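Peer 1: fold the following.
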Amino acid sequence: MHIRSHQTGDEPALWNIFHSAVHQLAASHYTPEQLHAWAPDQPDWPAWTARMQALQPFVLIAPNGQPAGYADLQPNGYIDHFFIAPSYARIGAGKQLMQYLQQLAKQRGLKEINADVSLNAQPFFMNSGFVLVRQQQPVIRGVVLANAHMRQSLKPSLK
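Peer 2: So this is what the prediction gives:
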């Protein structure tokens, strides 16, 4: 698998990854009401497209040429989205994407990276070197969705 920058036209595939990851991978940690608030069945396409264009995510491409996951790294070190398609979960795809973000953050001179992480993703982020900062109860579309703010301190990259 390889990683490339977001391209215009990726938005439907990234929505499918996001929606399926939320509804399949997070289903054991959240109620159906919470899952639908987080990832409704029908996206607001103009808003979703604008969001992806603003985030400029990196897209993990599977051997078949299709997106298998995506994640962003904002200039301040915040990871807003990190999602892997269920068919590529737990086989190293997430690890590959996380290592890419970590290396990129070091190249950019960031001292830390951080994210608001779902209950089901917390073990993955901990295994990737993140620590729990605090548990949170954000409200999405009027529904409380528990998550955690996590961060990882980075050692400078040797050049």
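Peer 1: next, count neighbours for the closest residue to residue 138 other than its chain neighbours.
Peer 2: Distances taken as C-beta to C-beta, 6 or more residues apart in numbering place residue 145 nearest to residue 138, at 5.9 Å, with adjacent residues excluded. To be clear about C-beta, it is placed using only N, CA and C from the backbone, and glycine gets the same treatment. Using other C-beta atoms under 10 Å, the number of residues around residue 145 comes to 22.
Peer 1: pretty sure residue 140 contacts residue 39?
Peer 2: No - between residue 140 and residue 39 there is no contact under C-beta atoms under 8 Å: 9.5 Å.
Peer 1: so for these two, which sits in the more crowded spot?
Peer 2: residue 39 (18 against 12).
Peer 1: apart from its neighbours in sequence, what residue is nearest the more buried one?
Peer 2: Leaving aside its sequence neighbours, residue 39 sits nearest to residue 22 (C-beta to C-beta, 6+ apart; 3.9 Å).
Peer 1: how much space between the one you found and residue 78?
Peer 2: 19 Å (C-beta to C-beta, to the nearest Å).
Peer 1: pick out whichever of these two has more residues nearby.
Peer 2: Set residue 22 next to residue 78 and count neighbours by other C-beta under 10 Å: residue 22 wins out with 21 against 14.
Peer 1: next, the more buried one: phi, psi?
Peer 2: Main-chain dihedrals, residue 22, degrees, to the nearest 10: phi -60, psi -50.
Peer 1: how far away is it from residue 66?
Peer 2: In terms of C-beta to C-beta, residue 22 sits 19 Å off from residue 66.
Peer 1: sorry, back to before: relative to residue 36, how far out is the residue nearest to residue 138?
Peer 2: As judged by C-beta to C-beta, residue 145 and residue 36 stand 11 Å apart.
Peer 1: one more: residue 134?
Peer 2: 26 Å.
Peer 1: same deal with residue 138?
Peer 2: As for residue 138, its distance to residue 36 is 16 Å (criterion: C-beta to C-beta).
Peer 1: more neighbours: the two, which one.
Peer 2: The neighbour count for residue 138 versus residue 36, taken as other C-beta under 10 Å, is higher for residue 36 (15 against 12).
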